[in-house]
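Undergrad: Whatever this is, show me its structure:
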Amino acid sequence: MNRPQVPNGSVEYAADLHNVKEVTLHGTADLSFWETVLHKENLFPYYEDGRAVLLLSAMEAKWRGFRFREFVIAVGICLNENEMRLDGYYLPRAFNASRCLTFSERVFFRTPYFRGNIRLENRLPASIRLQNRTEVLLHARMSVPGTPPVVEYLEWEGPIFLPNKRGKFFAVLAGEADIYPFSPETDWFEIKPSTRHQIFQQLVDSDFAGSVWSLRSNSRHARSKTYKGDAEDG
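TA: Next up, the predicted model:
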């Protein structure tokens with residue numbers, strides 16, 4: 001497990017959530033497209049088989065007795081062009097179903113959160129649905145799989161970089177996952193480009209394609225405060 005650029009060798013987590021329900025669609029996209037986008041951030045896309053690696057993830061959790069839902073879009077990144085290692089993620093857009101938590105994310109953590117109506121189902125057939133007012137921006141739904149899942153404990157810890165070089169925070173994502181292949185023939189995936197949220201047009205323009213579903217019912221999501229610039233400056 002990589003732990004790059006941890007400030008002073010350790011991280012204090014501002015929120016550490018357990019029993020998180022999660023549906024994640026892992027996918028790939030055109031590498032040259034995301035090289036151009038990330039060049040402005042002094043980052044490099046992590047890639048596999050010549051394609052950039054992205055994830056679209058919805059989660060439902062409880063924080064201080066308050067239940068909420070989130071949806072995030074993240075791009076895997078490398079910190080150095082010549083090192084093919086997943087060093088972290090770039091977070092171009094995120095959504096929260098709570099007006100209060102959306103405000104807190106934007107003001108106190110400087111993260112690119114917006115309010116959205118988020119629905120997720122992490123039991124078969126799993127699905128993710130993101131709606132902005134009356135527009136459905138993204139809808140992904142599994143068909144009923146014909147084979148049992150691969151069950152694997154997944155854990156990742158590292159930095160998540162914010163747009164426009166606003167800094168980064170550190171996160172832990174961990175838990176046992178049921179993993180299913182994405183089937184382009186039978187699974188449903190739809191995006192509606194939005195003038196307010198450029199990321200959906202970027203997903204279309206970069207030819208995003210699903211590869212793997214990951215379902216977790218009891219995962220851990222932890223995150224630190226946001227650090228300005230280099231983590232060591234904390």
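
Undergrad: give the contact list for F161.
TA: The neighbours of F161, taking Cβ atoms under 8 Å, 6 or more residues apart in numbering as the test, are E41, L43, I77, G88, Y89, Y90, L91, G167, K168. (Glycine included, C-beta is placed from N, CA and C.)

Undergrad: which of these are buried?
TA: Among the contacts of F161, those scoring as buried are E41, L43, I77, G88, Y89, Y90, L91, G167, K168 (criterion: 16 or more other Cβ atoms under 10 Å).

Undergrad: Which of those residues sits closest to R110?
TA: The nearest member of the buried ones among the contacts of F161 to R110, counting by Cβ to Cβ, is G167 at 6.5 Å.

Undergrad: need the contact list for that closest one.
TA: The contact partners of G167, taken as Cβ under 8 Å, 6+ apart, are R110, F161, T226, Y227, K228, G229.

Undergrad: There's contact between the fourth one and R166 in this structure, I believe.
TA: Same thing as Y227. No. Look at Y227 against R166 with Cβ atoms under 8 Å: they stay out of range, at 10.1 Å.

Undergrad: With neighbour numbers in mind, choose between those two.
TA: For Y227 versus R166, the count of surrounding residues by other Cβ atoms under 10 Å is larger for Y227: 19 against 15.

Undergrad: in the sheet, who's paired with that one?
TA: With DSSP bridges as the criterion, Y227 is bridged to K168.

Undergrad: For Y13, see how far away it is.
TA: According to Cβ to Cβ, to the nearest Å, Y227 stands 13 Å off from Y13.

Undergrad: who touches both of those two?
TA: Jointly contacting Y227 and Y13 under the rule Cβ under 8 Å, 6+ apart are F170.

Undergrad: check contacts around V136.
TA: With Cβ under 8 Å, 6+ apart, V136 has these contacts: R129, L130, E190, K192.

Undergrad: how many other residues sit next to the last one?
TA: Right, K192. Look at K192: counted by other Cβ under 10 Å, it has 16 neighbours.

Undergrad: List the contacts of it.
TA: By Cβ under 8 Å, 6+ apart, the contact set of K192 is E135, V136, L137, L138, F200.

Undergrad: what sits against the fourth one?
TA: Applying Cβ under 8 Å, 6+ apart, we find L138 in contact with L56, F71, I128, R129, L130, E190, I191, K192, F200.

Undergrad: Next: the first one.
TA: Counting by Cβ under 8 Å, 6+ apart, E135 makes contact with K192, S194.

Undergrad: Report the beta-bridge partners for it.
TA: E135 forms beta bridges with N132, as assigned by DSSP bridges.

Undergrad: Okay, now the unreliable bits of the chain?
TA: In the predicted model, the chain carries pLDDT under 70 at residues 1-9, 229-234.

Undergrad: what are the ranges of the helices in it?
TA: All helices of the chain, identified by DSSP state H, fall at 31-39, 99-108, 198-205.

Undergrad: Looking at the ones you listed, which is nearest to M142?
TA: Nearest of these to M142, taken as Cβ to Cβ: helix 198-205 at 18.6 Å.

Undergrad: Summarise which helices and strands that closest one is packed against.
TA: Of the remaining helices and strands, those touching helix 198-205 by 3 or more Cβ pairs under 8 Å, 6 or more residues apart in numbering; DSSP states H and E are helix 31-39, strand 88-96, strand 188-191.

Undergrad: If we use 7 Å, what do you get?
TA: Using 3 or more Cβ pairs under 7 Å, 6 or more residues apart in numbering; DSSP states H and E, the elements in contact with helix 198-205 are strand 188-191.
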